[in-house]
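Colleague: Provide a 3D model corresponding to the input given below.
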Amino acid sequence: MKAGEVRRAKVILRLASGQSYRAIMKQENCSQVFIARWKERFFKERLAGLYARHRGKIVSEAIIAQEARILRATKQAPPDGSTHWSTRRLAEHLGVSHSRVARVWARAGIQPHRIRRYMASTDPEFEEKAADVIGLYLKPPLNAAVFCVDEKSAIQALDRLDPVLPLSPGRAERHGFEYYRHGTLSLYAALDTKSGQVVGQTSARHNSAEFVAFLEDLIARQAPERAIHIICDNLSAHETKTVWDFLARHPQVRIHYTPTYSSWLNQVERWFATLTQNYIRRGTHRSTRQLEQAIRRYLEVHNTDPKPFVWSKSADDILASIERFCLRTSNSRH
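Modeller: This next block holds a predicted model:
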């Protein structure tokens, strides 16, 4: 809501509460004429009467043509070989002010300095696998447990060689560029999609045997007769003879593989992102033991008040979005 509309609404609300014109004039910094005008319009038209009557400045055809010229030039590559425009370089190229370019970009929502990367799945069974996983999120089987499982490998225990300078007014926290590496750890995690709780286990190695050992521990925590569905990616360590033997020993367990290059379908990846942001990326760990302690602390903190991720989009919505994306990428090649 615009500031003017808020101000007029406050005037009406103050009148309704019985305040005098003098009190309203002082609180809203307005005149008696202003109050009387909007009071009369509100009585006649109710809420519609509070909208401004001023149509705004009429935009000339020359300004419209100039904005179209700016937008058209923005989508073309700069002639000097650079990858994108800045407001000042485009303004100089077109002979306009850089503030004009900035305003046009802001209205159109264009940000040439930003870039977003993507990874398109090449899995021929993408639709079937994605629908299978999303179905477990939106409508999980009755009396069954659904876990999102994955491993975060090669988590580095980094010790800063220079002291960390704490944040202060006007200055961000500062870290030295040099560090000492004290080794790495792998973290196996299983996110319960219903409760949001996470079972985690660190390991010095990252292979199929460790993966199966983690699954054995996860299964041992569940009731023997309970059906268990596990969502994980198609990493080679997840599709070995050791894994097949595990499934043969536990017929109540079923693994659902996400499509290739589609880790975003696995909810535990979002949990890993929070762990990295809050406990690992800016942390100082003088040993893998300290790193393990930080990870275990995050597990404890998270599980004291777990909140499951809410999946809202259906498989049809996601597939339709991917189809539109593929159409854009195919058009951009021509």
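
Colleague: End to end on stretch 279-289, go ahead and measure it.
Modeller: 14 Å (Cα to Cα, to the nearest Å).

Colleague: number of nearby residues for the residue lying closest to A108 once chain neighbours are set aside?
Modeller: Take A108 and drop its neighbours on the chain: the residue closest to it by Cβ to Cβ, 6 or more residues apart in numbering is L71, 6.0 Å away. (Glycine included, C-beta is placed from N, CA and C.) Per other Cβ atoms under 10 Å, the neighbour tally for L71 reads 15.

Colleague: what's the helix or strand for L71?
Modeller: According to DSSP states H and E, L71 maps onto helix 61-74.

Colleague: And that helix, how far out from the chain middle?
Modeller: 33 Å (Cα atoms, centre = their mean, to the nearest Å).

Colleague: Report all helices and strands that the next helix or strand after it contacts.
Modeller: Heading C-terminal from helix 61-74, the first helix or strand you meet, by DSSP H and E, is helix 87-94. On a contact count with 3 or more Cβ pairs under 8 Å, 6 or more residues apart in numbering; DSSP states H and E, helix 87-94 meets helix 61-74, helix 98-108.

Colleague: Tell me the helices and strands packed up against the helix holding L71.
Modeller: For helix 61-74, the packing partners by 3+ Cβ pairs under 8 Å, 6+ apart are helix 87-94, helix 98-108.

Colleague: quick one on the thing from earlier: please tell me I have it right and the residue nearest to A108 contacts P112.
Modeller: No. L71 is beyond contact range of P112, at 11.2 Å (criterion: Cβ atoms under 8 Å).

Colleague: before we move on, the earlier item: what's the most buried one of the helices and strands packed on helix 87-94?
Modeller: helix 98-108 (a mean of 15; mean count of other Cβ atoms under 10 Å).

Colleague: Provide the angle between the direction of it and the direction of helix 61-74.
Modeller: 80 degrees (axes from the mean of the first three to the mean of the last three Cα atoms, to 10 degrees).

Colleague: average pLDDT across helix 98-108?
Modeller: Averaged across helix 98-108, the pLDDT comes to 92.

Colleague: For the next helix or strand after that helix, give me every contacting residue.
Modeller: Next in sequence after helix 98-108, counting helices and strands by DSSP H and E, comes helix 126-138. Contact with helix 126-138 is made by 123, 146, 193, 229, 231, 256-260, 262, 265-267, 311, 313-315, 318-319, as judged by Cβ atoms under 8 Å, 6 or more residues apart in numbering.

Colleague: Just the buried subset of the residues you listed, written out for ChimeraX, thanks.
Modeller: Of the contacts of helix 126-138, the buried ones go into a single ChimeraX selection, burial set by 16 or more other Cβ atoms under 10 Å:
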select :123,146,193,229,231,256,257,258,259,260,262,265,266,267,315,318,319
